[in-house]
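Novice: Got a sequence here, can you build the structure:
(one chain, ligands or ions: 1)
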Amino acid sequence: MSRTIEQWLELGAAQLMEVAERPRREAEILLEHILKRVRLYLITHLDENVEAEGYMELVERRALNEPIEYITQNVSFFSQEFYISPGALIPRPETEQLIEKLLERLDPLSKEHLVEVGVGSGIISIVLAQHLKNANITATDISADAIAIAQKNIKLKGMGGRITLIQTDLIEGIDTQIDILVSNPPYIANEIILESNLDYEPQNALFGGEIGDEILQRLIDEAIERNVRILACEMGYDQKKKILAYCADKKIKSLEFYSDYAGHDRGFIMELFQNNKN
Ligand SMILES: C[S@@+](CC[C@H](N)C(=O)[O-])C[C@H]1O[C@@H](n2cnc3c(N)ncnc32)[C@H](O)[C@@H]1O
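Specialist: Got it, this is the predicted structure:
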């Protein structure tokens, strides 16, 4: 069926009123995806008649609260576009801060071995590899689907030779020295009931255990045990006290928490004493 671009957008936006904060914008994104046109084209050709086959099916999926990123298989992160599909968590804007906070502590020419745990779509390791041209990067995930999605993004970004992917539990099987450990692990308590749009995301990317911070605690233990220099993690807005208590009797050089754009505690950068350099 043929309609003008304006009519398609009005139709789409009307169906998205309930689920979307910006229904017209989301209708545009879906139409851009179907017509393979950029936004500027749409808004300068509103009177053009087009056949938008498949558009209303996408609108219906979105009206059922499926995240728009999974529908278009595209997500923006750190001012770049990445591939995404339901096997990996949709990257969140606050995770950009984890990367920025870590980069502040690192020499851009560093040749250190950096390991990311829970690579998901690959966004953290890829952006770090872009900024740390000499670093040696290994990224792990327990999920085979996530590893496949990360692999696709690594290839799309031309980072094939820079990041080694391993499907494993945390850092099991990595026997070489790890200098920097970074992770946005699952940190939500198992019993928490989340908004329905989160049902579409992999549950092992969200839930971190009965309390929620179990994987964060394991990462802290691994960092100390493995003589890691810096551990950088994203965490839940209510986990600062628990992390502080967990670290109270541990030998840690410094521990700095940071907040997200909304002002909530969101992560920490921990520096650890190196063997014989206390
Ligand atoms: C919150 S997601 C983060 C994904 C991505 N790094 C990002 O920031 O968008 C957490 C990831 O950790 C992975 N994961 C969960 N438990 C794990 C474990 N024990 N070892 C390694 N990865 C794990 C999940 O499969 C998921 O991909």
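Novice: Got the confidence number for Asn276?
Specialist: Predicted confidence (pLDDT) for Asn276: 51.
Novice: Ile90 versus Lys133, what's the distance?
Specialist: Distance check for Lys133 against Ile90: by C-beta to C-beta, to the nearest Å, it reads 28 Å. In short, each C-beta sits where N, CA and C put it, glycine included.
Novice: So for these two, which sits in the more crowded spot?
Specialist: Shown here are Lys133 and Ile90; by other C-beta atoms under 10 Å, Ile90 has more neighbours (22 against 11).
Novice: and the more buried one, which of the three is it?
Specialist: coil (DSSP: H, G, I helix; E, B strand; the rest coil).
Novice: doesn't Ile71 make contact with it?
Specialist: No. The criterion here is C-beta atoms under 8 Å, and Ile90 misses it with Ile71 at 11.2 Å.
Novice: How about the residues of the chain by the ligand?
Specialist: Residues of the chain lying close to the ligand by C-beta under 6 Å from any ligand atom are 88-89, 91, 95, 117-121, 123-124, 140-143, 146, 169-170, 184-186, 204-205, 215.
Novice: Now go through these and say which are in helices.
Specialist: Residues of those located in helices (DSSP state H): 95, 123-124, 146, 215.
Novice: Might you report the residue contacts of Ala135?
Specialist: Ala135 sits next to 110-114, 128-129, 180 when contact means C-beta atoms under 8 Å, 6 or more residues apart in numbering.
Novice: Just the ones of the residues you listed in helices?
Specialist: Under the assignment DSSP H, the contacts of Ala135 contribute 128-129 to helices.
Novice: ok, of the contacts of Ala135, which one's closest to the ligand?
Specialist: Leu128 (10.9 Å; C-beta to the nearest ligand atom).
Novice: Count the neighbours of the closest one for me.
Specialist: Leu128 has 23 nearby residues by other C-beta under 10 Å.
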